[in-house]
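# Next input, structure requested:
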Amino acid sequence: MRKVLILAVTVLFLSIGASAQSKSANSTDYRTALGVKVWDGAGISLKHFFNSQNAGELIGYFWRNGVRFTGLFEIHGDINGAAGLKWYIGPGAHIGIYGSKYGDGVFAGLDGVIGLDYKFNGAPINISLDWQPSFEFGDGRGFYGSWGGLGIRYTF
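The predicted structure is shown next:
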C-alpha cells in the first residue's frame with residue numbers, strides 16, 4: 001500500500017512539474033499545495049489558502065489497519081524576521097475507518113492543529129510540521145495526542 005502511495009505521489013509531482021511552471025516558485029507565498037504528510041503513517045495532504053491568513057487542509061492518512069480523512073481550517077500568521085515562515089492554529093474534524101485491531105468500525109471526531117509552515121523562496125516546495133490532537137467519539141475511543149506530522153508539498 002505504501003509503495004502504491006509513493007508511486008502515485010511521484011507520478012503526480014512529475015506530471016505537474018512537466019506541464020506547468022509554478023507561479024509561486026520565486027515567492028514565499030503560495031495559494032495551493034499538494035504532497036505527503038508523514039508521522040506514524042503516511043498521508044496525502046492538500047492545502048489551499050482562501051486569503052492571506054486562512055487556509056483549509058484535507059488529509060487522507062493511511063494508518064496501520066485503517067484510513068482517516070481529516071479536514072482542518074487553519075489561521076496563519078507571519079513570524080517577523082523569518083521570510084516564508086508562518087505559524088498556524090485551527091479546528092477540524094475527521095472520520096476514521098479502522099480494522100478489528102483498532103476498534104473495527106467507522107468513527108468520527110474533532111481535531112485541533114498547531115504548527116509551522118515554511119515556503120522556500122525560489123523553489124515550489126513547502127514544508128510544515130504540526131501537532132493535531134483529536135477526540136474521537138465511540139466505545140473505547142477518546143483523546144489522541146499522537147496525530148500530526150511533517151508535510152512536504154509541491155506549491156502551485
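
# okay, CA-based contacts and neighbour counts for the rest of this
OK.

# quick one, helices of the protein?
Secondary structure of the chain (DSSP state H): helices at 2-19.

# Output the below-cut-off pLDDT ranges for the chain.
For the chain, the stretches flagged by pLDDT under 70 are 1-27, 101-103.

# Strands along that one, start to end?
Using DSSP state E, the strands of the chain run over 32-38, 42-49, 54-63, 66-78, 85-98, 105-119, 125-131, 134-136, 143-144, 148-155.

# Show me what the residue nearest the centre of the chain is bridged to.
The centroid of the chain falls nearest to residue 45 when counting by Cα atoms, centre = their mean (4.0 Å). Assessed by DSSP bridges, residue 45 has beta-bridge partners residue 35, residue 59.

# can you give me phi and psi for the residue in the chain sticking out farthest from the centre?
The centre of the chain is farthest from one residue, residue 139, which by Cα atoms, centre = their mean lies 27.3 Å away. For residue 139, the backbone dihedrals (degrees, to the nearest 10) come out as phi -60, psi 130.

# wait, residue 32 sits on residue 48?
Yes: at 4.3 Å, residue 32 counts as touching residue 48 under the criterion of Cα atoms under 8 Å.
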